[in-house]
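A.B. asks: test case, fold it:
(chains A and B)
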Amino acid sequence: MYRLPLKSSRLGRRQLLKLGLGVGVAGLMPLSSLWANTVSTRARIVILGGGAAGMSMANRLTKRLSGASITVVEPRELHHYQPGWTLVASGVWQAEQTLRPNAEFRPAGIDWVKGPAVAIDAEQRRITLADASTLEYDVLVVATGLQLNYHLIEGMSPALIGSHGIGSVYASLDAASRTRDTIDGWLAHGGGQGIFTAPQTAIKCAGAPVKMTFTTLSRIKAAGARDRFKLDYFTAGGGMFSQPWVNDFLMQRFDREAISRHHSQYLSAIDPGAKQAEFTSRDGDTEVRDYDFIHVVPPMSAPDFVKDSDLIAQDGPFKGEWLDTDIHTLQHHRYPEVFGIGDVIGAPINKTAASVKAQAPVVEANIAAFLQDKALPARHNGYTSCPLITDIGKAMLVEFGYDNDMAFLPSFSFIDPKEESWSAWVLKDYLLQPAYYAMLAGRV
Amino acid sequence: MTFSLAGILAVLSYALPPFLPLMLTVLVVLVLVQLLARRRNYRTGSYHCMPAAMVALLAGLSTAWWLPALTHSRLVFVTTVIDWVALIAAALGVALVTWLVLHPLSYLVRGPRQG
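C.D. replies: Residues are numbered from 1 along each chain as shown, chains lettered A, B, ... in the order given. Model (predicted):
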């Protein structure tokens, strides 16, 4: 096995104190990162993806590793704050509020490859890019995000979003805007059948299908037209949310709001012209429903080029669909020089930006240890967070993790995760986006 | 999930810029009025102006309406203890700043003899 030229340098206590006080007071970097050892290495680090996870890792590793060659593979120039898309689709935010140039967050000294990766050769530790050029790595961070599989719904295409009563907040910022316009049109029509769906796979921001239901309901009630709109929610799962208390809360709230729940049924086909949707149950039975508005949430998986690589899970619940990582160390099960972070990893929950915030320090610490041939010291507890909007103007700050049976992990002792509050809404509306950008910059 | 002090400051460094022009404007007006009045012997405790106090009180009370609306919400959703603590703190702040501007401003307009 290739041995990496390594050297760990430790600043003196007096220097650390001076740096920590000076920089900490200025609020420019987390003190914890200053206290962490800087690792000198000539390792070639490739980060696949420059979204929330990839950019956060680029900033963290740039600070942590001295002398490393860090390459980020990310074709997009603009960074999308995707957690804001539900607010765009609900008419609360303007689309422009979710955009910033990626360059604002790119750390100095990295190589930014502005093209997509198309293949991973894990045995040879080589990435192939769309232009057929290759990148070799000593450490690979897979932060590609996930792939939206609209094509698995017969008759569905992202191009249909915004027409034929079809909305879908996931496809893009433009799709979120078109979803808002479609809902506007439906509300202006004065009544009808609305259908909201959740698919048969893990999805990013698992609360978004529910949030879209609640924000649309909020707008219907604000228009004083609740009696004229019928709402149905179809989910492939037996429940509605992975956290048990929240699951019970949601089922009761849906019943109270007269939103009909249909469990163990997923959207299998859509006929836009006829405005009909076909749902398939677990035992294969199908049912066709008419709709005036439908919110489509597509099945999701790791990107095809990750699925086609040796890095994909070979067995277990994530087989063939998600990256094969240890859910605590975030190291690949079979290729120790590969780490995963963000939506692409196979984990029971965790496809949120909040999870990335918790995962990034773990991956940073474990890569630093790996480069020094030490045992991996950091473990991820499965933390995730969902600012669950229950009405336009109030929310619940639901934080939990997959350790300890999805127990709540509240960040703020004064905010009860079981209470709907204006404070949680204000956090979602005003503070989570700045926290997200601070995370991208590796500062939290 | 925890945030260090530096982390909280980092988040604020992204959160505050959109509000800085408004905050700076209010601060400049407040400091300017206070300085001008104090150069003309204004003393907070020795000048009385009921209208300034009433307007400050109304401004504070109006916070309960416009602050939730400003945050795309409604007063009816202010329900938990932390909601009310935050709203009351904001109302007190608005009332205080309003009074700190209007009280010396009144002194400048009306003069000390009418106090």
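
A.B. asks: what is the burial count for the closest residue in space to residue A:338 that isn't next to it in sequence?
C.D. replies: Excluding the flanking residues, the one nearest residue A:338 by CB to CB, 6 or more residues apart in numbering or on different chains is residue A:332, at 3.8 Å. C-beta coordinates here come from the backbone N, C-alpha and C atoms, glycine included. Counted with other CB atoms under 10 Å in any protein chain shown, the neighbours of residue A:332 add up to 21.

A.B. asks: and for residue A:275?
C.D. replies: By other CB under 10 Å, neighbour count at residue A:275 equals 19.

A.B. asks: wait, isn't it in contact with residue A:165?
C.D. replies: Yes - at 5.6 Å, residue A:275 and residue A:165 qualify as touching, with contact defined as CB atoms under 8 Å.

A.B. asks: which residues do the two both contact?
C.D. replies: A:291, A:292 (CB atoms under 8 Å, 6 or more residues apart in numbering or on different chains).

A.B. asks: got a list of what the residue in the stretch 51-200 of chain A positioned nearest to chain B touches?
C.D. replies: When scored by CB to the nearest CB, the stretch 51-200 of chain A has residue A:92 as its residue closest to chain B, at 5.2 Å. Applying CB under 8 Å, 6+ apart, we find residue A:92 in contact with A:215, A:392, A:429, B:72.

A.B. asks: go ahead and list the helix or strand containing the first one.
C.D. replies: Following DSSP states H and E, one finds residue A:215 within helix A:208-222.

A.B. asks: now do the helix or strand following that helix against helix A:208-222, angle only.
C.D. replies: Using DSSP H and E, the helix or strand that follows helix A:208-222 towards the C-terminus is strand A:229-235. Interaxial angle of strand A:229-235 relative to helix A:208-222 (axes from the mean of the first three to the mean of the last three CA atoms, to 10 degrees): 170 degrees.

A.B. asks: how deep is whichever residue of chain B sits closest to chain A tucked in, by neighbour count?
C.D. replies: In chain B, the residue that lies nearest chain A is residue B:9 (2.8 Å; CB to the nearest CB). Close neighbours of residue B:9, defined as other CB under 10 Å, add up to 20.

A.B. asks: ok, now residue B:66?
C.D. replies: 12.

A.B. asks: got a pLDDT number for it?
C.D. replies: pLDDT recorded at residue B:66 is 96.

A.B. asks: work out for me the element it sits within.
C.D. replies: Using DSSP H and E, residue B:66 maps to helix B:50-70.

A.B. asks: just the residues contacting that helix, thanks.
C.D. replies: Helix B:50-70 has contacts (CB under 8 Å, 6+ apart) with A:393, A:422, B:74-75, B:77-78, B:87, B:90-92, B:94-96, B:98-99, B:102-103, B:105-106.

A.B. asks: helix or strand right after it?
C.D. replies: Next element after helix B:50-70 (DSSP H and E): helix B:81-110.

A.B. asks: does anything pack onto that following helix? Which helices or strands?
C.D. replies: Contacts defined by 3 or more CB pairs under 8 Å, 6 or more residues apart in numbering or on different chains; DSSP states H and E place helix B:81-110 against helix A:422-426, helix B:20-39, helix B:50-70.

A.B. asks: relative to residue A:84, how far out is the residue of the stretch 151-300 of chain A found nearest chain B?
C.D. replies: Using CB to the nearest CB, residue A:222 is the residue of the stretch 151-300 of chain A that sits closest to chain B, at 9.8 Å. Distance, residue A:222 to residue A:84, using CB to CB, to the nearest Å: 21 Å.

A.B. asks: who has more neighbours out of the two?
C.D. replies: Using other CB under 10 Å, the more surrounded residue of residue A:222 and residue A:84 is residue A:84, with 23 against 14.

A.B. asks: find the nearest non-adjacent residue to that one, please.
C.D. replies: Per CB to CB, 6+ apart, closest to residue A:84 is residue A:98, 4.1 Å.

A.B. asks: over to residue B:72?
C.D. replies: residue A:92 (5.2 Å).

A.B. asks: quick one: that neighbour is in a helix?
C.D. replies: No - counting by DSSP: H, G, I helix; E, B strand; the rest coil, residue A:92 is not found in a helix; it is coil.

A.B. asks: how close does it get to residue A:389?
C.D. replies: Distance, residue A:92 to residue A:389, using CB to CB: 9 Å.

A.B. asks: which residues do these two both contact?
C.D. replies: residue A:215.

A.B. asks: buried residues in the lowest-mean-pLDDT helix or strand in chain B, which are they?
C.D. replies: Here the helix or strand of chain B ranked lowest by mean pLDDT, DSSP states H and E is helix B:5-15, holding a mean of 93. Using 16 or more other CB atoms under 10 Å in any protein chain shown as the test for burial, helix B:5-15 gives B:6, B:7, B:9, B:10, B:11, B:13, B:14, B:15.
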